[in-house]
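Q: This is a predicted model, with the sequence first.
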Amino acid sequence: MRAIRVASAALLGVTALTLTAPAAHAVVANNSVTSFGFSVVPSTVAAGGEVTLRVDNCNDDTRVSSGVFDTVTIPKGHSSRTTKVDWDAKPGASYRVTFTCGGESGHTDLTIAGGHPSDPTQYPLPIQRGVHAGEGGTVAGFDLGEIGLGAALIVGSLTVAYHFSRRRPSDDAS
């Protein structure tokens, strides 16, 4: 019976450790493999709309350029910047967005949704207020506080499992 308890505790600990370990990954976007991550959110937007340009694991200023918005610089230490898509962007077209970090570049596509008024002042867009849910997505880097908390929880659960597996049957009667 004791072997079952110890095996269960060990399996629980290994599962917890596996699920809390950060995953190593390479970022691939439209055949661009880079040592840093990047994205355009949303990937489809109406002309005149806003997009968020995100970058992860870049230790330099990141330069983001496209034919559909002005060149944007994401300063070192920041992960995103918002920019406005040009009103004259062609509906249904796909534009290349290039991210340059140090001497390395990667690209992804931004698609322009069809149908927008020809004169933006004639038909003003309604104010859109969505839920602000944070940055989301994959968080690059290590947060030592979260890693420490996770390690403390794992050590605590293993300690409790070990304690219960070492209890004598006479301890249960009291």
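A: Perfect, thanks for sending it.
Q: which stretches of the protein form strands?
A: 27-29, 32-34, 37-41, 44-46, 50-56, 62-66, 69-74, 80-84, 94-101, 104-113 (DSSP state E).
Q: So which of these is nearest I147?
A: strand 50-56 (17.5 Å; CB to CB). All C-beta atoms are positioned from the backbone trio N, CA, C, and that covers glycine.
Q: can I get the strands of the chain in a markdown table with mean pLDDT, distance to G150 and mean neighbour count?
A: Listed next are those as a markdown table, based on pLDDT from 0 to 100; distance: least, CB to CB, whole Å; neighbours: other CB atoms under 10 Å:
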| stretch | mean pLDDT | distance to G150 | mean neighbour count |
| --- | --- | --- | --- |
| strand 27-29 | 41 | 24 | 16 |
| strand 32-34 | 73 | 28 | 15 |
| strand 37-41 | 90 | 22 | 21 |
| strand 44-46 | 90 | 36 | 17 |
| strand 50-56 | 92 | 20 | 20 |
| strand 62-66 | 92 | 30 | 21 |
| strand 69-74 | 92 | 29 | 15 |
| strand 80-84 | 92 | 26 | 15 |
| strand 94-101 | 92 | 29 | 20 |
| strand 104-113 | 90 | 31 | 18 |
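Q: Now tabulate the ones you listed in JSON lines and tack on distance to S165.
A: Shown next, in JSON lines, are the strands of the chain (distance: least, CB to CB, whole Å):
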{"stretch": "strand 27-29", "distance to S165": "43"}
{"stretch": "strand 32-34", "distance to S165": "47"}
{"stretch": "strand 37-41", "distance to S165": "43"}
{"stretch": "strand 44-46", "distance to S165": "55"}
{"stretch": "strand 50-56", "distance to S165": "42"}
{"stretch": "strand 62-66", "distance to S165": "51"}
{"stretch": "strand 69-74", "distance to S165": "51"}
{"stretch": "strand 80-84", "distance to S165": "48"}
{"stretch": "strand 94-101", "distance to S165": "50"}
{"stretch": "strand 104-113", "distance to S165": "50"}
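Q: Cool, thanks, signing off.
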